[in-house]
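*Asks:* This is the structure alone, sequence omitted:
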DNA sequence: GGGCCGATTGTT
DNA sequence: ACAATCGGCCCG
């Protein structure tokens, strides 16, 4: 197996949030804890959030919580939700333009769902704003062979009440770690414009 | 300062 | 269907 000590540069993240979301599927999310323990697994489920999107934390302007989304791409946006969970996002778009991809599931033991991923990988508010482009750091993302469009499924995003017409959730077809399996879906290659 | 709500999850 | 659990956000 090839080394995990590689990572996407900020050029990868300084693009359309929807493209970054799609391209993150299959990439290896990697985690060092205390400088030694390494966790890793392929990203299998993501969601996109953008500036003109009513479901996005940044849609009504910059606040203390979401300010990282307005910063440079390739950094972690970690927020606290429902009084008990953290969720991990990757910041996208050029510096000054908000955008992020929510990491909903990783193909490692028991890491389905964004809340459980952060709990099990010990990701919390102290990682908010952290750069993800240093291989071997606390948290980074290692490139992988691109997936075929026919292996990707799109659906509305989970847990939001607005913008249900946007098919901005992407996951790897038939992957066991994907959450919310009962949802209706379409293949990425047949998505409507 | 107060009240409401949430990009979740596990139980009833 | 609903409880757990609490910081963020908006209003006043």
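*Replies:* Ah, there it is. Bear in mind that the values here come from a model prediction, so they are computed numbers and not experimental data.
*Asks:* all contacts plus neighbour counts: C-alpha atoms, from now on.
*Replies:* Noted.
*Asks:* what about the strands in chain A?
*Replies:* Listed in chain order, the strands of chain A (DSSP state E) span residues A:28-33, A:37-50, A:76-81, A:85-91, A:99-106, A:139-142, A:152-155, A:169-172, A:186-187.
*Asks:* What lies in contact with the longest one?
*Replies:* By Cα atoms under 8 Å, 6 or more residues apart in numbering, the surrounding residues in contact with strand A:37-50 are A:17-18, A:21-22, A:24-32, A:55-56, A:58-59, A:98-108, A:121, A:157, A:168-172, A:175, A:177-179.
*Asks:* average model confidence for it?
*Replies:* If you average the pLDDT over strand A:37-50, you get 96.
*Asks:* quick check: angle from it to strand A:99-106?
*Replies:* Note on geometry: by axes from the mean of the first three to the mean of the last three Cα atoms, to 10 degrees, strand A:37-50 and strand A:99-106 are set 130 degrees apart in direction.
*Asks:* Would strand A:37-50 count as contacting DNA strand B?
*Replies:* Yes: when contact is scored as Cα under 7 Å from any atom of the strand, part of strand A:37-50 falls within range of DNA strand B: residue A:49.
*Asks:* Parallel or antiparallel, which strands does that strand pair with?
*Replies:* strand A:28-33 (antiparallel), strand A:99-106 (antiparallel), strand A:169-172 (antiparallel) (DSSP bridges).
*Asks:* Kindly report the same for the fourth one.
*Replies:* Applying DSSP bridges, strand A:85-91 is found paired with strand A:76-81 (antiparallel), strand A:99-106 (antiparallel).
*Asks:* Which of those strands sits closest to residue A:93?
*Replies:* strand A:99-106 (5.9 Å; Cα to Cα).
*Asks:* Contacts for the closest one next, please.
*Replies:* If you take Cα under 8 Å, 6+ apart as the criterion, strand A:99-106 is touched by A:17, A:20-21, A:29, A:41-51, A:58, A:69-70, A:77, A:87-93, A:111-114, A:117, A:177-179.
*Asks:* Equivalent analysis for stretch A:86-95, please.
*Replies:* So stretch A:86-95 is in contact with A:13-17, A:20, A:68-81, A:98-103, A:114-115, A:117-119, A:123-125, going by Cα under 8 Å, 6+ apart.
*Asks:* Tell me the spacing between residue A:175 and residue A:153.
*Replies:* When Cα to Cα, to the nearest Å is the yardstick, residue A:175 and residue A:153 sit 10 Å from each other.
*Asks:* Of these two, which one has the most company?
*Replies:* Between residue A:175 and residue A:153, counting by other Cα atoms under 10 Å, residue A:153 is the more crowded of the two (22 against 14).
*Asks:* Now do the nearest residue to residue A:80 once chain neighbours are set aside, the pLDDT please.
*Replies:* Leaving aside its chain neighbours, residue A:80 sits nearest to residue A:86 (4.5 Å; criterion: Cα to Cα, 6 or more residues apart in numbering). The per-residue pLDDT reported for residue A:86 equals 98.
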